[in-house]
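> next comes the sequence, and after it the predicted model I'd like to discuss.
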Amino acid sequence: MKKVSIIVILAISFSWFSIWAQDTTIKGSHAISGQWIGLAFHPKAGTYPQHYHLKLDKKAYFVFEMGGAFQYNYYLTNRLSVRSAIALYLDCAVVPAGFVQLGLRYTLLNRGPHSLAIGVGPTLLFREDWHQFPEYSGDTFFEDRVFKGYQYRFYPIPDIEYLYRIKSQWEILANVIPGGLYVFTSSFGLRFSW
């Protein structure tokens, strides 16, 4: 019953956004963005906070990550786009990490200077192998996937992106990318459309 209620609420919300949204994006247009990957949130606290050198609290609920991402969008329709993205950064334990993604995005809201989109697509996540830490015994997200010193996982990561138009072709963006239910990473940047 709970699943049915959630599906009904999502369907109603999606319909409401679709009716309320206005199309200002043009089919066939392009957009590129550069982003700073910044603050990560661990809903259940960090698993190895002693290695999270940029944590903002004792249990590592909030940790700074450092790095960047680059995205390219091509609009198939006024609301649907194909996006490719690549990111390289230092993760919570300050080891090299990143992702490569190719997916679809759907614009839920595009009204005035505000835009809200969701996306999903196959994503290759990777990070330097955490087995270098003596107390690390593996995790349920990466499991035992290790290749040449890097843990990896293919994952259909959904993300949500908010854009605020500051000029006709320029937007400020904020993005939230979940790593399963274990960590939510935020990024901020600029987007240029043509």
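Looks like it arrived, so ask away. Residues are numbered from 1 along each chain as shown.
> surely Y74 forms part of a helix?
No - assessed with DSSP: H, G, I helix; E, B strand; the rest coil, Y74 is strand; it does not lie in a helix.
> got a list of what it touches?
Contact analysis of Y74 by Cβ atoms under 8 Å, 6 or more residues apart in numbering lists G28, S29, H30, S81, V82, R83. Every residue, glycine included, has its C-beta placed from N, CA and C.
> identify the bridge partners of the nearest residue to L102 once chain neighbours are set aside.
The shortest distance from L102 to any non-neighbouring residue, by Cβ to Cβ, 6 or more residues apart in numbering, is to S84 (5.1 Å). Counting by DSSP bridges, S84 is bridged to Y72, L102.
> count of residues packed around S84?
Burial measure for S84: 14 neighbouring residues, criterion other Cβ atoms under 10 Å.
> surely it meets Q71?
Yes - contact status for S84 versus Q71: in contact at 7.1 Å, counting by Cβ atoms under 8 Å.
> just checking: what are the partner strands of whatever helix or strand N175 lives in?
Element membership for N175, per DSSP states H and E: strand 170-179. Strand pairing for strand 170-179, determined by DSSP bridges: strand 150-165 (antiparallel), strand 183-193 (antiparallel).
> which among those is found nearest to D57?
D57 sits nearest to strand 183-193 of all the strands paired with strand 170-179, at 14.5 Å, using Cβ to Cβ.
> now do the buried residues in that closest one.
For strand 183-193, burial by neighbour count (16 or more other Cβ atoms under 10 Å) applies to V183, F184, T185, S186, S187, G189, R191, S193.
> with stretch 99-119 instead?
99, 101, 103, 105-110, 115-117, 119.
> likewise for stretch 130-145?
Residues of stretch 130-145 classed as buried by neighbour count (16+ other Cβ under 10 Å): W130, F142.
> all strands of the protein, in order?
Along the chain, counting by DSSP state E, strands occupy 30-41, 62-75, 80-90, 96-111, 114-128, 146-147, 150-165, 170-179, 183-193.
> can I get those in TSV with distance to T47 and mean pLDDT?
Shown next, in TSV, are those (distance: least, Cβ to Cβ, whole Å; pLDDT from 0 to 100):
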stretch	distance to T47	mean pLDDT
strand 30-41	12	96
strand 62-75	11	96
strand 80-90	17	96
strand 96-111	15	94
strand 114-128	13	94
strand 146-147	17	96
strand 150-165	14	92
strand 170-179	12	92
strand 183-193	10	95
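> cool, thanks, talk later.
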